[in-house]
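Colleague: Got a predicted model here, sequence first, then my questions.
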Amino acid sequence: MKYKSIFNQRKALRFRQFIRKRYALFACLGRVVTIGVLSVATLQSATAAHRHVSTEEDMADTTRIVDKEATLDDVEITGSRAPLALGQAARMVTVLSRDEIQAAPVQSINDLLKMAVGVDVRQRGPIGAQTDVSIRGGTQEQITILLNGINICDPQTGHNAFDLPCDISDIERIEVLEGPAARVFGTSSLVGAINIVTNPSSDLPRGGGVKLRAEGGSFGYAQAAARFSTFSPRGGWEGVSTSFTRSDGYSRSKAGHLNSDYCGGKAFYQGGYDGEQIQLNWHAGMSTKGYGSNTFYSAKYDEQFEKTTKLFTAVKTNVQGSRFKVQSAIYWNRGYDRFELIRGDESKVPFNHHRTDVFGINLNSYFDWAAGRTAFGAEFRNEDIVSSNLGEPLNNPHGDYKCGLNRSNLSLHLEHNILLRRLTLSAGFVAVKNTWNEMPFTLYPGIDASYRIGEHWKFYASYNESLRMPSFTELYYSVGGHKADKYLKPEELRAIEGGVRYTSRAFSVKASVFHHHQHNTIDWVMDTREADPIWQSVNLTKVNTFGQEITLSISPSTLLTPHSSITISYCHLHQQKQEADYLQSQYSLEYLRHKLTAQLRMRLATHLDLSLGYRWQDRMGTYTDASGQVHDYHPYSVVDARLAWTSDTARFYVEGNNLTNHHYVDYGNVPQPGCWLTVGAQYDLSF
């Protein structure tokens, strides 16, 4: 049978809801559009605005919940080079919506990702002080972090990747792409990518207003945040947000000093213009924070300290011509990092000073024709560092900076998408060349496919290859019991995955099975046979990862109570590696063998909502304490909750993290806080 492209079909469509997206109409070109049903709940909601009838409001809320999957299916996501709606995407992409983000009992963006079952969030400090995020058994260096589609990875170290400038209230959604994504995002995305999408006016009724938020809680925690946004009828919009956070910390050193305190601020500006043929988006932001690092990097020193400052700028354009669509972006990010092994005293151990600059420009174009949608483009990215100890000696040292290194990455990509009635097929490659270590052009291909059966079933399959360049720390950090290898090879990975998704109005199920094969995996290892062992950066021969994931989401609102949902997820990993038992790994051989998460959202009474989160995880690997004793990681579980009263203009909430007061570690020798209580309030003023 010969299949015709979806763009040549003449089939009537029936919309379940109205969405205000540019691609929504574009996706229907060449097809007859009919509107068969006008949502009664929408009319009832409008009537309730005049009559103040609560029953109609509850019905509208219920309709929004059961249509959540339909809403997400219409969202344009970054799972491929050519923009596709989530419902058309050929890969599984986890999307955390604004409603889920606002209801979650969390204090930072980092905490949000803990409930994504395939994501490993390892904290050294709370409130986003320092969090290492990885995907499917990888490390924090092996994923790409994007802010509105812009790569903000720090080439110095992945430890600072989540120093984000935006407030949690700025986020419209978070997209998690699990599995290699070099074809989409280039280098760094060895095992996946996380894209944080912000929109300062998306949750305001008339597109403009002010949001004020204040909260405080255990361990001297306090936060104040404000956001201002405006929307022009001519298509322009902009917003500014700022926040300040502090905490005394939850632990003290042996000398009795606070060693987990935190103080930091954020500022973020975002604007845009939506015209008929051109769209512009831009952002600029800053994140600065200083925090007690107690025993982050060495168990022998319990009064470490770190101060980081990040600056972000980017401009994006989207030009829609009659045949071609062209997307381009230019960005510059700068980061400062000062680390003190002995806080406030460098007479014994000098402080580490680093400054990184990343400049990038990319071009992506695509066009539709009889055979589908084709995308092609290129990206140039330059990474530069000056440091007290990372890189080669500078010809002209200045201030604290004695060393430095500069490298450039050029990538070319080509992708084609075939969009049939039931089948989506996406295939392409990225060709990468890096000036570091005289790397030649290397090709990394990939192919993704999804097949839809009826309205409920969707099957996925993919094969992708990817790579990751060593960080500057892995190449040159040879101080304080560490020895780096500046001749490390890039990491490479081949992955195959298959999955299925079932969606109905009452519940949905997603399941996947995958296998990752890594070459030249980079890790810090310690030979425990040595009398005075040190950490060394090495290329492991290979690591094979086998995994399974399953997520079940239930909407009891269709059967029982309105405004309720239950989500249960489980991930199992098993890694095989060619490594001797006497080698202790710092990252890649420490992975989550089991992770189970459960979330419950329900309405207790009018305006009163409860959110519960449960997480159980079992980590493989060992760690060595200050006395030289080796310990296994132990399984642990954490329960979080938030109780919120919400009206049209205000929200009051109380939340608790680690309500069972369980003592646990994500990294050896860095204990996490016990029960943490927070009380907060938010006020919204619309224009």
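Modeller: In hand now; what should we look at?
Colleague: Please count neighbours and contacts with C-alpha atoms only from this point.
Modeller: OK.
Colleague: Check the secondary structure at the nearest residue to His515 once chain neighbours are set aside for me.
Modeller: Nearest non-adjacent residue to His515, counting by CA to CA, 6 or more residues apart in numbering: Phe546, 4.7 Å away. The three-state label given to Phe546 by DSSP: H, G, I helix; E, B strand; the rest coil is strand.
Colleague: So for Phe546, what's the pLDDT?
Modeller: Note for Phe546: predicted pLDDT of 97.
Colleague: Surely it touches His574?
Modeller: Yes. Phe546 is in contact with His574 according to CA atoms under 8 Å; the separation is 5.2 Å.
Colleague: re earlier: quick one: the residue nearest to His515 from Asp302, how far?
Modeller: From Phe546 over to Asp302 the distance is 37 Å, taken as CA to CA, to the nearest Å.
Colleague: residues in contact with the residue nearest in space to the middle of the chain?
Modeller: The chain has Ile194 as the residue nearest its centroid, 3.3 Å off, counting by CA atoms, centre = their mean. Residues near Ile194 by CA atoms under 8 Å, 6 or more residues apart in numbering: Ile143, Thr144, Ile145, Leu146, Ile174, Glu175, Val176, Leu177.
Colleague: Quick one: the helices in this structure, in order.
Modeller: 22-26, 40-51, 54-66, 68-73, 98-103, 109-112, 182-185, 472-476 (DSSP state H).
Colleague: weakest of those helices by average pLDDT?
Modeller: Looking at the helices of the chain, the weakest mean confidence is helix 40-51, a mean of 36.
Colleague: For Cys403, name its beta-bridge partners.
Modeller: For Cys403, the beta-bridge partners are Ser387, Pro393 (DSSP bridges).
Colleague: Measure how buried it is and give me the count.
Modeller: 21 (other CA atoms under 10 Å).
Colleague: Repeat that for Glu530.
Modeller: 9.
Colleague: Repeat that for the one 4 residues further on.
Modeller: Ile534: 17 surrounding residues under other CA under 10 Å.
Colleague: quick one: pLDDT of it?
Modeller: 88.
Colleague: now swap in the one 5 residues further on and tell me
Modeller: The predicted structure scores Asn539 at 90 on the pLDDT scale.
Colleague: Tell me the bridge partners for it.
Modeller: Assigned bridge partners for Asn539, using DSSP bridges, are Ile522.
Colleague: Now for it: which residues touch it?
Modeller: By CA under 8 Å, 6+ apart, the neighbours of Asn539 are Leu488, Lys489, Asn520, Thr521, Ile522, Asp523.
Colleague: Export the residues you listed as a markdown table, with columns for pLDDT.
Modeller: Formatted as a markdown table, these follow (pLDDT from 0 to 100):
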| residue | pLDDT |
| --- | --- |
| Leu488 | 93 |
| Lys489 | 91 |
| Asn520 | 90 |
| Thr521 | 89 |
| Ile522 | 90 |
| Asp523 | 87 |
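Colleague: so who does the residue lying closest to Ala495 once chain neighbours are set aside touch?
Modeller: Of all residues not flanking Ala495 in the chain, His516 sits nearest, at 4.5 Å (CA to CA, 6+ apart). His516 makes contact with Leu493, Arg494, Ala495, Ile496, Val543, Asn544, Thr545, Phe546 under the criterion CA under 8 Å, 6+ apart.
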